[in-house]
Every structure is written in C-alpha cells, then in structure tokens.
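Chemist: Sequence plus the predicted model coming up.
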Amino acid sequence: MKTPVLLLSVLIGSSLPLIAADSNAPDILPLGTFQPASSWRFSNGAEFAGAKGSLTFRATTSGDESALSFDFSGGGAYVSASTPITITDDYAELRVRVKSTKNMKLAFRINDYTGQCHQIPVSYDRAGEWQTIRYDLKAHRPGQHWGGVNDGVLNFPLTSFTIVVPNPKTEMPTGILLFSDAKALR
C-alpha cells in the first residue's frame, strides 16, 4: 500500500517549483558592481513624500564603493539602493560593508521569486569605520514581509537586494551611507 502514498507525494511535489543547487555556482557571488553603469538604482521612497538623496559611485584605492546620500529634512520615510540578483538556495549568507559618520538603523530588503518582499532590520554601530553586516539566509527570521505569497519564507531564487536608510527622525536628518563589497556566500 506504499504506492498510493508515493504517488501522492510525487503528484504534490511535482506542483512545487524545483530550485536545485547549482554545483557550478561560485562560492562568492558579487551583488552588482559599484560603477556608474551598474545595476544599482536609487529610490527616494516616493510613496512617502519628502525624502531626497542620490546614489553615486566612485573608485577608491581600496576598491569601488557607492555613496547613498539622504535628506529627510522635508519628511519621507526612507531612501534606498537596490540591485537585481539571482540567488539560489545553495547560498547561505549575504554580506555588505557599510560606513557612515554616525551610527544608524538600516534595513535589508530581499525580494523572492513570488514577489514577496522581506525587510530585515540591521544596525550600523561603528561610526566612522567600515563594518561588515551579515545576514544568514539559512536562519532567516521572518520580520516584515509583504506581497507575493506573503508567508515570511524566503522562496528561492531571490530576485533583488536593497539597502534601506529609514528616516531617523532626529535633529540630524541628513547624511551619507557608503557601501561596498555586497555579495552572497555559500
């Protein structure tokens, strides 16, 4: 009587998307380049009017980096920089190096293939120094999520990565967040 159970599991399983690990995928996958013609794009969070800013790229002696400037003096909720990605379930971690003149709360947004957006709060706490922020994809903790299947689960492949600077609502509503070396690791 095992045949019907096996048949049922094959039928159920066949309706689910198959995302197989790619043994030829690199151990480190860069998430875009930090050059003017790159795939990174700026957003001023237009659905919450008032934020201003820009995204610029520059080459330095230690490598290419991006500068995400923000100005919340006119209101707004956030500014962000995003890039399309294709990350399969055989990658374990996202990393990005960030630097600013002040400590701040940030967020990573990860979109999955269902169109679901996951927002993960992260912190930058080394004012004036570079800090590597890591996010463990295997130990994903559902935080805010919306769109797509809206289930809080990372449904691979992942399709975009965004760095968000939320409005700090402080007396210093302007600044610059430098970032570089964004990548996925196995």
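Modeler: Sure, I can see it. Residues are numbered from 1 along each chain as shown.

Chemist: Now the residue most central in space within the chain: which helix or strand?
Modeler: Computing the C-alpha centroid of the chain and ranking residues by Cα atoms, centre = their mean puts residue 161 first, at 3.1 Å. Using DSSP states H and E, residue 161 maps to strand 158-166.

Chemist: now do residue 110
Modeler: strand 104-112.

Chemist: just how off-centre is that strand within its chain?
Modeler: For strand 104-112, the separation from the chain centroid amounts to 5 Å (computed by Cα atoms, centre = their mean, to the nearest Å).

Chemist: same deal with stretch 48-60?
Modeler: For stretch 48-60, the distance to the chain centre is 16 Å (Cα atoms, centre = their mean).

Chemist: CA atoms only for it, dumped as CSV, please.
Modeler: What follows is stretch 48-60 as a C-alpha-only set of coordinates in CSV (Å, rounded to 0.1, in the frame of the first residue of the first chain):
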residue,chain,number,x,y,z
PHE,A,48,6.1,58.6,1.4
ALA,A,49,6.7,62.1,0.0
GLY,A,50,9.6,64.3,1.2
ALA,A,51,12.8,62.3,1.2
LYS,A,52,15.7,63.4,-1.1
GLY,A,53,19.0,61.9,-1.9
SER,A,54,21.2,60.3,-4.5
LEU,A,55,23.3,57.3,-5.3
THR,A,56,26.8,57.9,-6.6
PHE,A,57,29.7,55.6,-7.4
ARG,A,58,33.4,56.1,-7.1
ALA,A,59,36.7,54.2,-7.4
THR,A,60,39.0,54.3,-4.3
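
Chemist: tell me the angle of the strand holding residue 161 relative to strand 104-112?
Modeler: 160 degrees (axes from the mean of the first three to the mean of the last three Cα atoms, to 10 degrees).

Chemist: Can you name the element that comes right after strand 158-166?
Modeler: Following strand 158-166 in sequence, per DSSP H and E, is strand 174-185.

Chemist: Run me through the strand neighbours of that following strand, direction for each.
Modeler: Applying DSSP bridges, strand 174-185 is found paired with strand 28-30 (antiparallel), strand 63-71 (antiparallel), strand 93-99 (antiparallel).

Chemist: circling back: isn't the residue nearest to the centre of the chain right up against residue 110?
Modeler: Yes - using Cβ atoms under 8 Å, residue 161 is in contact with residue 110, at 6.0 Å. In short, each C-beta sits where N, CA and C put it, glycine included.
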